[in-house]
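*Asks:* just the structure for this:
(one chain, ligands or ions: 2)
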Amino acid sequence: LVSRELQAHDTVVDVGGVSIGGDRLAVIAGPCAVESPEQLHETAAAVKAAGATLLRAGAYKPRTSPYGFAGHGIEGLKVLREVGDDLGLPIVTEVMDTADVAHVAEAADCLQIGARNMQNYALLRAVGAAGRPVLLKRGLSATIQEWLLAAEYLMAAGNPNVILCERGIRTFEPATRNTLDLNAVPYVKGKTHLPVVVDPSHGTGARDLVPAMSLAAVAAGADGLMIEVHRDPSRAWSDGAQSLYPAQFEQLMGSIGAVAAAV
Ligand code: PEP
Ligand code: MN
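*Replies:* Numbering: from 1, shown residues only. Ligands and ions are numbered 1, 2, ... in the order given. Coordinates of the predicted model:
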């Protein structure tokens, strides 16, 4: 179902009225996690003012350590919905557990499946049946073939609205958190009709590398970007080192247009 051989034209996914895929670049921005109503609102207002058209933030966070902040759960979802509605931004948020799919689907415009859950087949089936668009992150060590088969699970469960997200893979290179695989963008766009978004924040783990890799992703043909921004990255509860300052994000948005127009 994901194959371009079966469908020649590009799929365009409607997320709360915003198209992902097609001619316009979609920019999904926001903090790693919902920390407080004020933190989310201030950050969301800043990314919206800079031109982002969708808001991201996690209420359920997959953390490498069991002692890390795991998100505010239902309370966080409520805050996310309120801030999204207040600013007119559709929201994208992660769901980690099949038990949470129904209420996350009720609150969010798009369900994110995180890298660590890309091969959680029970979750893929449940999210595939939830009736909301899905953003499927590539697994930390997943081949492109495995990633596309995970997308196939979602589509086979009845969901045609699947967005692929390249977020870096684990390689032998320890200098950056992950290695952003931009080869994947044109490759996957040749193999499938699904839109492809790039997350240079998790892909690099370092805020100063995010602008260059964002522009490179657009040049490679990405349909959108997912970028972590925090009103005060030094105080972020998660992923502060890779979160842009609002001013940095604004500057990046100013330079993206020229690259997007050139591809
Ligand atoms: C995130 O988007 O905050 C996240 C946890 O991403 P990933 O699953 O790609 O690590
Ligand atoms: Mn994060």
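
*Asks:* all strands in the stretch 151-263 of the chain, in order from the N-terminus.
*Replies:* Taking DSSP state E, counting those that start in this stretch as the test, the strands found in the stretch 151-263 of the chain are 162-166, 196-198, 224-228.

*Asks:* among those strands, which comes closest to ligand 2?
*Replies:* strand 224-228 (5.6 Å; CB to the ion). Where you see a C-beta, it was placed from the backbone N, CA and C, and this is true even at glycine.

*Asks:* and the strands of the stretch 151-263 of the chain: which comes nearest residue 14?
*Replies:* strand 162-166 (10.9 Å; CB to CB).

*Asks:* picking that back up, can I get the strands of the stretch 151-263 of the chain in CSV with mean neighbour count, mean pLDDT and distance to ligand 1?
*Replies:* Listed next are the strands of the stretch 151-263 of the chain as CSV, based on neighbours: other CB atoms under 10 Å; pLDDT from 0 to 100; distance: least, CB to the nearest ligand atom, whole Å:
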stretch, mean neighbour count, mean pLDDT, distance to ligand 1
strand 162-166, 27, 99, 7
strand 196-198, 27, 98, 11
strand 224-228, 28, 98, 7
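
*Asks:* between the ones you listed, which one is closest to residue 128.
*Replies:* That would be strand 162-166 among these, by CB to CB, at 8.5 Å.

*Asks:* just checking, what packs against the closest one?
*Replies:* strand 13-15, strand 134-137, helix 144-156, helix 184-191, strand 196-198 (3 or more CB pairs under 8 Å, 6 or more residues apart in numbering; DSSP states H and E).

*Asks:* how about the residues of the stretch 51-200 of the chain by ligand 1?
*Replies:* Applying CB under 6 Å from any ligand atom, we find that the stretch 51-200 of the chain lies next to ligand 1 at 58, 62, 114-116, 137, 167.
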